[in-house]
Structure formats: C-alpha cells, structure tokens
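Student: this one's structure only:
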C-alpha cells in the first residue's frame, strides 16, 4: 500500500477514534492518580472506571465500545508506524553504507 493511501486512511479514522481514546486515557490516569496520590477510596473514584470501561453504555454496548476502542488504537498505531517507516526509508536513513575501495 502506498504512503498516500495510509495517510488518507489514517486521516479518516483519526477524528473518529480521538475522543474515545482521550476519554479512556484521562479516566484511567485520573483513576490511578486519585487512588495512589490522593488516597481516594475505590468508591470515590469508581465513576471514573464506569466511564473508562464504557459501563454507562449498558451490557450490550460495553464490549463493543471496548473492542472498537482497542481496534482504533491498534489501527492508528499500525498506520502511523508504517508512515514513519516509509518516511524514514525514503529519507535515506536506512541506506546501506557504501563500501570503500
């Protein structure tokens, strides 16, 4: 697949997965910091875990939310990595050293 195709697909999916990934990241971090640094009980920060895991969506949609969130992160990581690799390859970072005569 060409670099332009990866960039286009990456650009299409990025706005869709951005908000769910940010919500997951912030609620996970604030949950852990609230418990560890601020000494909050599990009950005090449980609402963050409800948001983090998508429990507010109900039993039917929660696993779908988690699956799509994970697939979105995987997609962005793979396409981003391919684009970085292709850019580095084109820039000459991976050129073979010239043999001296």
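Tutor: Happy to help now that I have it. The structure displayed is predicted, hence computed values, not measured ones. Numbering: from 1, shown residues only.
Student: excluding chain neighbours, what is closest to the spatially most central residue of the chain?
Tutor: Note on the chain: the residue nearest the mean C-alpha position is residue 73, at 3.4 Å, using CA atoms, centre = their mean. Beyond its immediate neighbours in the sequence, the residue positioned closest to residue 73 (CB to CB, 6 or more residues apart in numbering) is residue 21, lying 6.0 Å away. To be clear about C-beta, it is placed using only N, CA and C from the backbone, and glycine gets the same treatment.
Student: my read is that the residue nearest to the centre of the chain contacts residue 17, right?
Tutor: Yes - look at residue 73 against residue 17 with CB atoms under 8 Å: they come within range, at 7.0 Å.
Student: return the residues in contact with residue 50.
Tutor: Listed by CB atoms under 8 Å, 6 or more residues apart in numbering, the contact partners of residue 50 are residue 56.
Student: how about 10 Å then?
Tutor: 27, 56, 57, 62 (CB atoms under 10 Å, 6 or more residues apart in numbering).
Student: quick one: which of the residues you listed has the most company?
Tutor: For the contacts of residue 50, the largest neighbour count, defined by other CB atoms under 10 Å, is 18 neighbours, found at residue 27.
Student: separation between the residue nearest to the centre of the chain and residue 67?
Tutor: Relative to residue 67, residue 73 is positioned 11 Å away (CB to CB, to the nearest Å).
Student: one more: residue 81?
Tutor: 21 Å.
Student: before we move on, what about residue 46?
Tutor: 23 Å.
Student: more neighbours: those two, which one.
Tutor: More neighbours surround residue 46 than the other of residue 46 and residue 67, with 13 against 10 (other CB under 10 Å).
Student: quick one: pLDDT of that one?
Tutor: Looking at residue 46, its pLDDT stands at 95.
Student: these two touch, right, it and residue 27?
Tutor: No - under the contact definition of CB atoms under 10 Å, residue 46 does not touch residue 27, with a separation of 11.0 Å.
Student: in the protein, which spans are helices?
Tutor: 3-36, 42-53, 62-91 (DSSP state H).
Student: could you list the buried residues of the longest one?
Tutor: When you say that, I think you mean helix 3-36. Across helix 3-36, burial judged by 16 or more other CB atoms under 10 Å covers 6, 10, 17, 20, 21, 24, 27, 30, 31, 34.
Student: no more questions from me, cheers.
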